[in-house]
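>>> need a 3D model of the following:
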Amino acid sequence: MKDKFLFQSTRSSEIVASAPEAILSGIAPDGGLFVPVELPRADVRRILSLDPLPMAAAILHIMLPSFSEEQLLPLVTNGYTGKFDTPAVTPLCAVDDMNILELFHGPTCAFKDVALCLLPHLMKASAESLSDRNEILILTATSGDTGKAALEGFRDVEGTSILVFYPRDGVSAVQKAQMVSQQGSNTHVCSVEGNFDDAQTGVKTAFQALQKEFLSQGVRLSSANSINIGRLAPQVFYYFSAYRDLMDAGKIAYGDLVDYSVPTGNFGDILAGYYAKLLGLPIGRLICASNANNVLTDFLKDGTYDRCRPFYTTYSPSMDILVSSNLERLLYLLSNDTALVSSLMKDLSEKGRYTVPASLLKQLQQVFWPDCCDDEQTLETIHHVWKDCGYLLDPHTAVAWRAAEHYRDQFGTARETVVLSTASPFKFPEAVLSALGIPHAENGFIAMHELSKAVSMPIPAPLQGLEDKPVLHRDTIAPKDLTEYVRKKAVEYR
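From the prediction side, this is the model:
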């Protein structure tokens with residue numbers, strides 16, 4: 001019988017770890033990602049009856065069974081209390097005939113806050129449970145939102161340091177300002193010449209090159225990206241909370257299927273939805289919404305994942321990704337075949353592409369439905385939702401809204417649809433103003449004030465005054481230098 005307390009690598013069933021070990025390690029030694037060896041069905045009715053914080057603790061206990069609900073509830077309470085501007089943490093908002101799950105009410109106005117306000121507490125609890133006294137060095141690549149959320153979550157956490165790498169020209173002005181002005185004695189930010197995939201590959205390479213070396217020196221490498229199961233597991237919560245809100249609103253009865261449309265880049269957010277489905281939440285389709293970097297759209301249609309294609313810098317930068325790391329977990333969950341996953345990942349690394357067996361593609365298509373749109377279509381969606389519904393979308397949410405519209409038009413479904421809203425529109429003011437047809441300044445901070453005036457909405461408190469904060473982090477490196485840069489910074493922190 002499988003051990004429900006263990007995790008294993010997606011690439012080898014021989015590499016196992018407890019939940020605390022998986023959280024602290026971040027990535028498996030063979031480069032694979034940790035997944036639960038066994039995932040039991042949940043008591044969904046009970047979970048849906050709980051208030052938000054106990055609900056999050058109950059779900060985390062199932063995802064990370066080494067920790068009890070009693071242990072997790074104070075971690076969740078400490079992680080979330082006072083950090084979000086609403087007791088609901090992730091409120092659901094009815095817009096026209098759809099529902100928007102607002103995930104941007106945390107300290108950095110992005111969905112990553114739901115996990116990254118909690119991850120430092122999970123890491124501390126993991127270290128204590130293992131009597132692990134190693135210093136922790138967090139390495140994280142970001143396409144825009146993870147960086148600030150991770151920096152804020154780990155700022156001045158004792159025994160921990162964090163290095164964040166972002167694509168130099170691949171984030172919005174507001175996202176960049178949030179990161180480069182980050183305070184904290186244990187934080188560091190560096191831009192990478194290239195795109196997010198270059199930064200992400202560099203971080204993974206550094207992990208494999210330095211993990212053993214650093215551990216011998218009393219430093220444990222870990223990650224705040226969703227490659228870390230401790231980052232991914234908390235995101236399952238808001239799929240349940242949205243379902244509960246639909247029940248409370250009288251829109252569904254327990255057992256009714258609900259579709260979720262998710263703006264998707266690294267595949268972590270939508271994978272959390274698949275985990276919710278595995279736990280027993282009545283989810284219909286998971287709509288995988290991509291921007292012009294539509295590698296996932298093509299993959300879910302024909303079964304070939306091909307990263308050898310043009311890379312586009314878009315109005316939705318957090319989705320400007322060609323290598324979706326968490327897809328590896330899904331391939332394992334559907335195939336239960338570590339040899340297959342290892343072979344596919346080897347092909348991706350060496351050839352830039354892989355093709356899954358027809359039987360696996362069929363399984364994918366039974367749950368996931370893909371769609372994509374370009375920048376012009378993204379702006380059109382922001383415009384019409386504001387004009388017709390009076391609701392302001394950010395460019396990432398607009399991609400998911402458009403995909404949900406297409407799905408409903410194509411299949412004529414009457415099921416309730418939840419669109420995940422992953423960021424405040426004020427993080428991308430130039431794009432939103434362009435969508436509304438309003439002339440605006442090229443300066444993102446001035447544009448933020450112009451947007452506030454145009455739509456009669458206040459700038460969210462965490463984004464106010466960003467333009468006046470001093471730049472504290474100015475380093476830029478080539479991707480090939482990332483491993484050596486980490487080695488150098490680790491010495492400085494010690």
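>>> and residue 211, what element?
In this structure, residue 211 is located in helix 196-215 according to DSSP states H and E.
>>> convert the C-alpha atoms of that helix to PDB, please.
What follows is helix 196-215 as a C-alpha-only set of coordinates in PDB (Å, rounded to 0.1, in the frame of the first residue of the first chain):
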ATOM      1  CA  PHE A 196      11.200  34.100 -18.200                       C
ATOM      2  CA  ASP A 197      12.200  30.700 -19.600                       C
ATOM      3  CA  ASP A 198      15.800  31.800 -19.500                       C
ATOM      4  CA  ALA A 199      15.500  32.800 -15.800                       C
ATOM      5  CA  GLN A 200      13.600  29.700 -14.900                       C
ATOM      6  CA  THR A 201      16.100  27.300 -16.700                       C
ATOM      7  CA  GLY A 202      18.900  29.200 -14.900                       C
ATOM      8  CA  VAL A 203      17.400  28.700 -11.500                       C
ATOM      9  CA  LYS A 204      16.700  24.900 -12.200                       C
ATOM     10  CA  THR A 205      20.300  24.500 -13.300                       C
ATOM     11  CA  ALA A 206      21.600  26.300 -10.200                       C
ATOM     12  CA  PHE A 207      19.600  24.000  -8.000                       C
ATOM     13  CA  GLN A 208      21.100  20.900  -9.500                       C
ATOM     14  CA  ALA A 209      24.600  22.300  -9.600                       C
ATOM     15  CA  LEU A 210      24.600  23.700  -6.100                       C
ATOM     16  CA  GLN A 211      22.200  21.700  -3.900                       C
ATOM     17  CA  LYS A 212      24.700  19.200  -2.500                       C
ATOM     18  CA  GLU A 213      27.500  21.700  -2.300                       C
ATOM     19  CA  PHE A 214      25.500  24.200  -0.300                       C
ATOM     20  CA  LEU A 215      24.000  21.600   2.000                       C
END
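>>> what's the average pLDDT for the following helix or strand past that helix?
If you walk from helix 196-215 toward the C-terminus, the next helix or strand you reach (DSSP H and E) is strand 219-222. Summarised as a single mean, pLDDT over strand 219-222 is 93.
>>> follow-up on the earlier one: list the buried residues of the helix holding residue 211.
Neighbour-count burial for helix 196-215 flags 196-207, 210-211, 214 (criterion: 16 or more other CB atoms under 10 Å). For the C-beta atoms, the positions are set from N, CA and C on the backbone; glycine is no exception.
>>> kindly report the same for stretch 247-264.
247, 252, 258-264.
>>> low-confidence ranges in the stretch 201-350 of the chain?
Along the stretch 201-350 of the chain, segments meeting pLDDT under 70 are nowhere present.
>>> centre of the chain versus the helix holding residue 211, how much separation?
Its chain's average C-alpha position is 19 Å from that of helix 196-215, according to CA atoms, centre = their mean, to the nearest Å.
>>> against which helices or strands is it packed?
strand 135-141, strand 160-167, strand 187-192, strand 219-222, helix 482-493 (3 or more CB pairs under 8 Å, 6 or more residues apart in numbering; DSSP states H and E).
>>> hmm, residue 470 is touching residue 181, no?
Yes: judged on CB atoms under 8 Å, residue 470 makes contact with residue 181 at a distance of 6.5 Å.
>>> could you pull out the strands in the stretch 251-400 of the chain for me?
With DSSP state E, counting those that start in this stretch as the definition, the stretch 251-400 of the chain shows strands at residue ranges 258-263, 283-290, 304-306, 353-355, 368-372.
>>> just the ones you listed: most buried one?
Ranked by average neighbour count under the criterion mean count of other CB atoms under 10 Å, the strands of the stretch 251-400 of the chain are headed by strand 258-263 at a mean of 27.
>>> partner strands of that one, with direction?
strand 283-290 (parallel), strand 417-421 (parallel) (DSSP bridges).
>>> look up the closest residue to residue 159, ignoring the ones flanking it.
Excluding its sequence neighbours, the residue lying closest to residue 159 (CB to CB, 6 or more residues apart in numbering) is residue 135, at 5.8 Å.
>>> quick revisit: mind putting the buried residues of stretch 247-264 in TSV, distance to residue 335 included?
Shown next, in TSV, are the buried residues of stretch 247-264 (distance: CB to CB, whole Å):
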residue	distance to residue 335
247	34
252	32
258	26
259	25
260	23
261	25
262	22
263	26
264	20
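>>> quick check: the farthest pair among those residues?
Looking at the buried residues of stretch 247-264 by CB to CB, the two members farthest from one another are 247 and 264, with 25.9 Å of separation.
>>> point out where the stretch 1-150 of the chain drops to low pLDDT.
Judged against pLDDT under 70, the low-scoring parts of the stretch 1-150 of the chain cover residues 1-4.
>>> please redo it, this time with the cut-off set to 90
1-5, 39-41, 143-146 (pLDDT under 90).
>>> strands along that one, start to end?
Chain-ordered strands for the stretch 1-150 of the chain, with DSSP E, counting those that start in this stretch as the definition, fall at 6-9, 12-18, 34-36, 92-95, 98-102, 135-141.
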